[in-house]
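>>> Following is a predicted model, sequence given first.
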Amino acid sequence: MSEPLQITFLGLGVMGAPMAGHLARAGHRVTVWNRTAGKADAWLQRHAGLDVASAPSVAAAVQGAQVVLACVGNDADLAEVVLGDTGALAAMPAGALFVDHTTVSPAAARDVAAEAERRGLLALDAPVSGGQAGAENGKLSIMCGGTAEAMARAEPVLQAYAARIVHIGAAGAGQSAKAVNQICIAGVLAGLSEAVAFAQAQGLDIDKVQQAIGGGAAQSWQMDNRWTSMAAGTFEFGFAIDWMRKDLAIALATANAAGQPLPVTALVDQLYAAVQAKGGGRQDTSALIRHLPEVAR
C-alpha cells in the first residue's frame, strides 16, 4: 500500500467508479467529480465510512490534490475537463501529478502533457485494459506514456487497481499501446466469432470443443472468458461495442496519418457497425458474432 495521498478522481463511469473505490479502500483521501452529480452522490453512499468527498466542479475537486486521475469519454471530453483556463490542469497545485485513464488519441495525450509541463505539473497517459471486471477486481493492465518522474510518482497509486503496469515510453506512447491492444482484440474476436458459429453449424458440443482447443495454440483471454457466452448469445455485460468502435476509430486514424494500412481492423470495425445497426451498440464486444447468420442450436 502506498502512503496515503490527497487524490481526485474525475469521471465515475463503469471503469472510473470502481477504480476510485479501490483508491479509497487503499486509505487515500479521495475527492470525486462527475458530470452527472447523481453518480457522485451514489458513489459516496457506497463508500460511506471512508475518507471520501465530492465536489461540484472540476476546479473545486482538484484544489490541493497531490494526484488527479481522469477516466472520461473521448478526446473532446478530456479537453473540456482538463485543458484551458477552466480545466483541471489550471487549478492543480504546482508539482502535482495528472494521470489520464481515458482512451484517447496519442495526439490528445501529447497535448495534455505539453500543457501540464507548461504549468509545472507532471502528466501520464495511462489507458487500461481488462474491462469492467478488471476494474472491479483491481486487476487492470495499464500501459503508460510520460516521463520517468511521472511514472515513478504514479506507479504506487496505480497499484491499487492494477495487476500489470508498464511504462511504454514518452507522452502518447501509452495511448499508442492501447491502440495496439484494441487491434489485437478486434482480430481475435473476429476469428472467435466465426469459430463458434462454425462449431454450432457442425453440431459439435461447444463445451467439449473448448476443452479440446482451449489448451493449445487457439487459446486466448477472449476464448477463456467469452466462448460460452457467445455460444449462448449472451452479451448484456462487459465492454460496449460503442466504446470499441471509438477506440478502433483512434487506431485507424492514427495508422492512416502514418500511412499504415490496417485492413483487418477496418473490416472488423465495419462488422461492428453492422451489429450496432441491429441495436447492439451497448452489448459486449463479443456480440461481434451477431454479424453472422443465426445458427440453429
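Okay, I see it.

>>> Could I get the full set of helices for this protein?
16-25, 37-46, 58-62, 75-82, 88-91, 106-118, 131-137, 148-158, 173-201, 206-213, 221-232, 241-257, 263-277 (DSSP state H).

>>> what's the closest of these to residue 97?
Of all the helices of the chain, helix 148-158 sits nearest to residue 97, with 4.9 Å by CB to CB. C-betas here are computed from N, CA, C, even on glycine.

>>> That closest one - contacts with which helices or strands?
Helices and strands in packing contact with helix 148-158 are listed as strand 67-70, strand 97-100, strand 122-125, strand 140-146, strand 162-169; criterion 3 or more CB pairs under 8 Å, 6 or more residues apart in numbering; DSSP states H and E.

>>> same thing but 7 Å
Counting contacts by 3 or more CB pairs under 7 Å, 6 or more residues apart in numbering; DSSP states H and E, helix 148-158 is packed against strand 97-100, strand 122-125, strand 162-169.

>>> which neighbours does the first one have in its sheet, and in what orientation?
Strands flanking strand 97-100 in the sheet, each with its direction: strand 67-70 (parallel), strand 122-125 (parallel) (DSSP bridges).

>>> Okay, domains of the protein per the record?
Using automatic domain parsing, the domain parsing of the chain gives 6-170, 177-291.

>>> Now tabulate these in a markdown table and tack on mean neighbour count and mean pLDDT.
Formatted as a markdown table, the domains of the chain follow (neighbours: other CB atoms under 10 Å; pLDDT from 0 to 100):
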| stretch | mean neighbour count | mean pLDDT |
| --- | --- | --- |
| domain 6-170 | 20 | 97 |
| domain 177-291 | 17 | 97 |
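
>>> mind putting the strands paired with strand 97-100 in TSV, distance to residue 277 included?
Conversion of the strands paired with strand 97-100 to TSV gives the following (distance: least, CB to CB, whole Å):
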stretch	distance to residue 277
strand 67-70	32
strand 122-125	32
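
>>> bridging residues for the residue most central in space within the chain?
Centroid-nearest residue in the chain: residue 128, 4.4 Å away (criterion: CA atoms, centre = their mean). Beta bridges link residue 128 to residue 142, judged by DSSP bridges.
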